[in-house]
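Participant: sharing a model prediction with you, sequence too.
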Amino acid sequence: MKSNSKMVLIVGSAPDALRVSDWDTSHFAHRVAINNAWQVCDSWDCLIYPEDFPPDRRPPVDQTRGKQLISASEFVPVQNHFGGFVYAGGTMAFTAGYWALGALKPDVIAYVGCDMIYEAGAGQATHFYGQGRADPLREDITLQSLEAKSVRLWALAQRQGCLVVNLSDLATSRLLFPRVSWQQLTVMDTDLVTGVIDRFELDQSSADEALLAEAELGYEVPSGRYWEIASRFDKTKLSNIDNLWLAASEAKVKVPS
């Protein structure tokens with residue numbers, strides 16, 4: 001991985017996250033673990049978790065020295081800078097992405113273990129630690145379309161010159177970011193980042209329309225605790241905005257001539 005490209009790895013808790021243990025992650029500027037993912041990413045230096053993440057699930061104090069623990073007091077202001085939880089989606093996979101984008105200002109954000117696919121049969125694990133709660137699939141007005149929320153993050157990052165990619169090797173993912181293999185990522189420099197951004201073109205007019213619709217709706221919750229006033233939000237209007245983000249992702253991949 002070339003040093004002129006600042007990369008951030010975000011690790012979730014899907015079974016796929018176990019692949020991280022085989023990777024040399026020293027080339028990343030930061031390695032952000034979400035909730036329990038510190039257990040599978042020994043090299044983590046940032047841990048992000050919500051208010052209700054149990055203390056007994058957090059790493060022992062002796063494993064946190066020199067590392068950053070990011071709780072609501074840190075990530076809520078950053079999330080608000082990017083429009084707030086109602087528009088970004090109230091689940092930690094997206095919160096981690098926006099926090100990394102705003103606080104770390106990388107050239108690349110690479111996700112693994114965050115596909116939000118929960119199709120395990122009887123006895124099969126939904127998370128690397130076994131059966132877990134499928135938080136992104138809960139009834140929540142901000143999570144009507146996980147795909148749309150992923151496009152929103154992708155688009156806002158792109159406007160900051162940051163490429164968001166998905167390192168998943170699963171057949172399906174709720175994250176619509178461009179798929180990149182670990183091998184491709186290890187040779188990615190700034191020029192290649194720009195090339196991938198140009199190749200995976202988003203429809204900027206749809207993105208502009210979505211951002212304008214968000215601003216006009218004005219669903220701002222400075223505290224971040226949007227669920228306390230969720231009854232004030234119009235589900236249909238939020239779904240219409242989701243559709244605009246999905247439309248932004250329908251631009252065709254450019255094929256080099």
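Facilitator: Now that the structure is in, tell me what you want to look at.
Participant: all contacts plus neighbour counts: C-alpha atoms, from now on.
Facilitator: Will do.
Participant: count of residues packed around residue 54?
Facilitator: Neighbour count of residue 54, defined by other CA atoms under 10 Å: 10.
Participant: now swap in residue 217 and tell me
Facilitator: 14.
Participant: now residue 51
Facilitator: 9.
Participant: who's in contact with it?
Facilitator: Contact partners of residue 51, counting by CA atoms under 8 Å, 6 or more residues apart in numbering, are 71-72.
Participant: pretty sure residue 175 sits against residue 153.
Facilitator: No. Assessed by CA atoms under 8 Å, residue 175 is found out of contact with residue 153, at 9.9 Å.
Participant: what comes up buried for the helix or strand encompassing residue 242?
Facilitator: Using DSSP states H and E, residue 242 maps to helix 235-248. In terms of neighbour count (16 or more other CA atoms under 10 Å), helix 235-248 has its buried residues at 238-239, 241-248.
Participant: what's that helix packed up against?
Facilitator: Judged by 3 or more CA pairs under 8 Å, 6 or more residues apart in numbering; DSSP states H and E, helix 235-248 is in contact with helix 146-158, helix 204-217.
Participant: is residue 230 in contact with residue 139, as I believe?
Facilitator: No. Using CA under 8 Å, residue 230 is not in contact with residue 139; the gap is 11.4 Å.
Participant: more neighbours, these two?
Facilitator: Remark: of residue 230 and residue 139, residue 230 carries more neighbours, 15 against 9, as counted by other CA under 10 Å.
Participant: which residue packs closest to that one, ignoring adjacent ones?
Facilitator: residue 141 (7.3 Å; CA to CA, 6 or more residues apart in numbering).
Participant: list the contacts of that neighbour.
Facilitator: Counting by CA under 8 Å, 6+ apart, residue 141 has contacts 86, 230, 233, 235, 238.
Participant: return the member of these nearest to residue 99.
Facilitator: Checking the contacts of residue 141 against residue 99 by CA to CA gives residue 86 as the nearest, at 15.3 Å.
Participant: now the helices for this structure?
Facilitator: 72-81, 85-88, 92-99, 146-158, 182-185, 190-199, 204-217, 235-248 (DSSP state H).
Participant: which one of the ones you listed lies nearest to residue 171?
Facilitator: helix 146-158 (15.1 Å).
Participant: who are the packing partners of the closest one?
Facilitator: helix 85-88, helix 92-99, strand 163-166, helix 235-248.
Participant: next, format the ones you listed as TSV and append distance to residue 9 and mean pLDDT.
Facilitator: Putting those into TSV (distance: least, CA to CA, whole Å; pLDDT from 0 to 100) gives the following:
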stretch	distance to residue 9	mean pLDDT
helix 85-88	19	97
helix 92-99	10	97
strand 163-166	10	94
helix 235-248	24	96
